[in-house]
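Colleague: mind looking at a prediction? Sequence and model below.
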Amino acid sequence: QKEVEQDPGPLSVPEGAIVSLNCTYSNSAFQYFMWYRQYSRKGPELLMYTYSSGNKEDGRFTAQVDKSSKYISLFIRDSQPSDSATYLCAMSANAGNMLTFGGGTRLMVKP
Amino acid sequence: NAGVMQNPRHLVRRRGQEARLRCSPMKGHSHVYWYRQLPEEGLKFMVYLQKENIIDESGMPKERFSAEFPKEGPSILRIQQVVRGDSAAYFCASSPSASVEAFFGQGTRLTVV
């Protein structure tokens, strides 16, 4: 079993839809939870990070962490074609430690 | 302020040759991380370095792979006697301190033929 599981998709939605992306994990030591966006043949770009449980909002993006269920989510409101990319969740036990990534979910937002 | 710079962007090597991948971190960043991304897989941690020191190399294969981050110049990931299984995208990230907010470069795509 992988430490971090992520549905690979692809997830196809119409423009304007609310998108929900999720990861589950098994290591209870993880304290930092990140979401990265990766366009094709580019490097990952950090979207948001959350420490411990709770919610964090930034524009159209909301990150949620439920440590009791070992489950994290990223919601994208009013999705745009430019949001089409692969979304990677990543986790870390300590600041500065190695990140453990999920396999990524490919999202396609159709105009 | 330039981002994390990796070169070359694409590298082709024959089996048995050496591959040297370079990473210049963002200005003011002294922490560098190397990750490998195999086709259709997520990124896998390889090594974490600070200037002149290897902090964590738990993700590095024990043989053929080495990394350095000298006092002056870029960080180098070196793969000796490459095999086809080394074909992947290699990403470098940097941060100013021990932080989860690391910025990634565009990667080097290594193809072993």
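Modeller: Yep, that arrived. Remember, predicted model here, so these are calculated numbers, not experimental data.

Colleague: report the contact partners of residue A:17.
Modeller: Neighbour list for residue A:17: A:79, A:109 [criterion: Cβ atoms under 8 Å, 6 or more residues apart in numbering or on different chains]. C-beta here means a position set from N, CA and C on the backbone, and glycine is covered the same way.

Colleague: tell me how far it lies from residue A:100.
Modeller: Distance, residue A:17 to residue A:100, using Cβ to Cβ, to the nearest Å: 29 Å.

Colleague: what of residue A:43?
Modeller: Per Cβ to Cβ, residue A:43 is found 18 Å from residue A:100.

Colleague: could you do residue B:21 as well?
Modeller: 22 Å.

Colleague: what's the answer for residue B:65, then?
Modeller: For residue B:65 relative to residue A:100 (Cβ to Cβ), the value is 19 Å.

Colleague: also residue B:14?
Modeller: Separation of residue B:14 from residue A:100 (Cβ to Cβ): 33 Å.

Colleague: more neighbours: which of those two?
Modeller: Shown here are residue B:14 and residue A:100; by other Cβ atoms under 10 Å in any protein chain shown, residue A:100 has more neighbours (21 against 8).

Colleague: so residue A:38 makes contact with residue A:88?
Modeller: Yes. Using Cβ atoms under 8 Å, residue A:38 is in contact with residue A:88, at 6.0 Å.

Colleague: what residues do the two have in common as contacts?
Modeller: Common neighbours of residue A:38 and residue A:88 (Cβ under 8 Å, 6+ apart) are A:44, A:104.

Colleague: looking at those two, which is more packed in?
Modeller: A count of neighbours by other Cβ under 10 Å puts residue A:88 above the other of residue A:38 and residue A:88, at 27 against 21.

Colleague: in the sheet, who's paired with that one?
Modeller: Counting by DSSP bridges, residue A:88 is bridged to residue A:36.

Colleague: my read: it touches residue B:37, true?
Modeller: No. With contact taken as Cβ under 8 Å, residue A:88 and residue B:37 are classed as non-touching, separated by 9.6 Å.

Colleague: need the overlap of contacts for these two.
Modeller: Shared contacts of residue A:88 and residue B:37 (Cβ under 8 Å, 6+ apart): residue B:43.

Colleague: next, the buried residues of stretch A:20-28.
Modeller: For stretch A:20-28, the neighbour count (16 or more other Cβ atoms under 10 Å in any protein chain shown) marks A:21, A:22, A:23, A:24, A:25 as buried.

Colleague: burial count for the one residue in chain A that gets nearest to chain B?
Modeller: Of all residues in chain A, the one sitting closest to chain B is residue A:96 (2.6 Å; Cβ to the nearest Cβ). Using other Cβ under 10 Å, residue A:96 has 18 neighbouring residues.

Colleague: got a list of what residue 100 touches?
Modeller: As the question left the chain open, I've gone with chain A. Contacts of residue A:100 by Cβ under 8 Å, 6+ apart are A:3, A:4, A:25, A:27, A:30, A:90, A:91, A:92, B:45.

Colleague: was after chain B, sorry
Modeller: Applying Cβ under 8 Å, 6+ apart, the residues near residue B:100 are A:32, A:34, A:49, A:92, A:95, A:96, A:99.
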